[in-house]
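> Structure of the sequence below:
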Amino acid sequence: MATSNLNDIGEFDYLFRSYFPRLRAFACILVKDNEIAKDIVQDSFIKIWEERFRITSSTFENYLFKTVRNRCINYIRDQKLKNQKLEDYYQLEHYEEIYNIDFMADEPYLTVTEELQKQINEAINDLPKRCQEVFIKSRFEGLKNREIAEELGINIKNVERHISTALKKLKSHFGNNPGILLVIEILYKINA
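The predicted model follows:
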């Protein structure tokens, strides 16, 4: 649809009402959020109104579509960068805390280490007796599965089942606490 006069506010309002629903639907497909899509299309129309003297009526539809598309792409790129930086920050924060505990033996870090050990011990104490016994022999005493099986008079498959059960229960107990889950993962890899 060719436009006659982009400088006329009534004509521009008509164009806004005509194109807005289709452009919002298009933007929503790209950004996957109706409210964000709505904002992008509205901002695009504001930009076009501000630049209306540079746009010819024959290029309006093309310019409008490209403006919305480019703003959607910019939004997606910015969100990915922001989310990646936030994710990187959270991972760095958890690793930093672990390294600080490891390398610095000052009081705050010793307190954190003691609290972490206390929480892990409480979770281990909640395990069934045999499961607890196998887990401690595997992860804290450093015994191999074969050695545990011989010492306790059970087969290796039962040892593996007890260790797996213990790790699942510990993960469930601590939920999404990345610091403790990392410690549990390290325990999982020991002698595995």
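
> now the helices for the protein?
Assigned by DSSP state H, the chain shows helices spanning 9-31, 34-50, 60-103, 107-125, 129-139, 145-152, 156-174, 178-189.

> most packed of those?
Of the helices of the chain, the one with the most neighbours on average (mean count of other CB atoms under 10 Å) is helix 129-139, at a mean of 18. Bear in mind the C-beta positions are built from the backbone N, C-alpha and C, glycine included.

> hang on, the earlier thing: is it possible to export the helices of the chain to a markdown table including mean pLDDT?
A markdown table is the format used below for the helices of the chain (pLDDT from 0 to 100):
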| stretch | mean pLDDT |
| --- | --- |
| helix 9-31 | 84 |
| helix 34-50 | 89 |
| helix 60-103 | 69 |
| helix 107-125 | 67 |
| helix 129-139 | 89 |
| helix 145-152 | 92 |
| helix 156-174 | 86 |
| helix 178-189 | 56 |
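
> Next one: S172 from K118, what distance?
19 Å (CB to CB, to the nearest Å).

> meant to ask about Y19
Applying CB to CB to Y19 and K118 gives a distance of 62 Å.

> for R146, same thing?
32 Å.

> does N155 really touch N145, like I thought?
No. The criterion here is CB atoms under 8 Å, and N155 misses it with N145 at 9.9 Å.

> Would you enumerate the residues in contact with the closest residue in space to F65 that isn't next to it in sequence?
In space, and not counting its chain neighbours, F65 is closest to L23: 7.4 Å by CB to CB, 6 or more residues apart in numbering. Going by CB atoms under 8 Å, 6 or more residues apart in numbering, L23 touches V41, S44, L64, F65, V68.

> for those residues, which one is nearest E35?
Nearest to E35 out of the contacts of L23 is V41 (CB to CB; 11.0 Å).

> was I right about L143 contacting K137?
Yes. The pair L143 / K137 is scored as a contact, 4.7 Å apart, by CB under 8 Å.

> Residues in contact with both of the two, list them for me.
What both L143 and K137 touch, as defined by CB under 8 Å, 6+ apart, is the set E151.

> distance of N125 from V134?
N125 sits 14 Å away from V134, going by CB to CB.

> Where do the domain boundaries of this protein fall?
With domains defined by automatic domain parsing, the chain comprises 9-85, 104-189.

> which residues touch R24?
Counting by CB under 8 Å, 6+ apart, R24 has contacts N34, A37, K38, V41.

> Can you give me the distance of it to V41?
5 Å.

> Same question for A27.
Distance from A27 to V41, by CB to CB: 6 Å.
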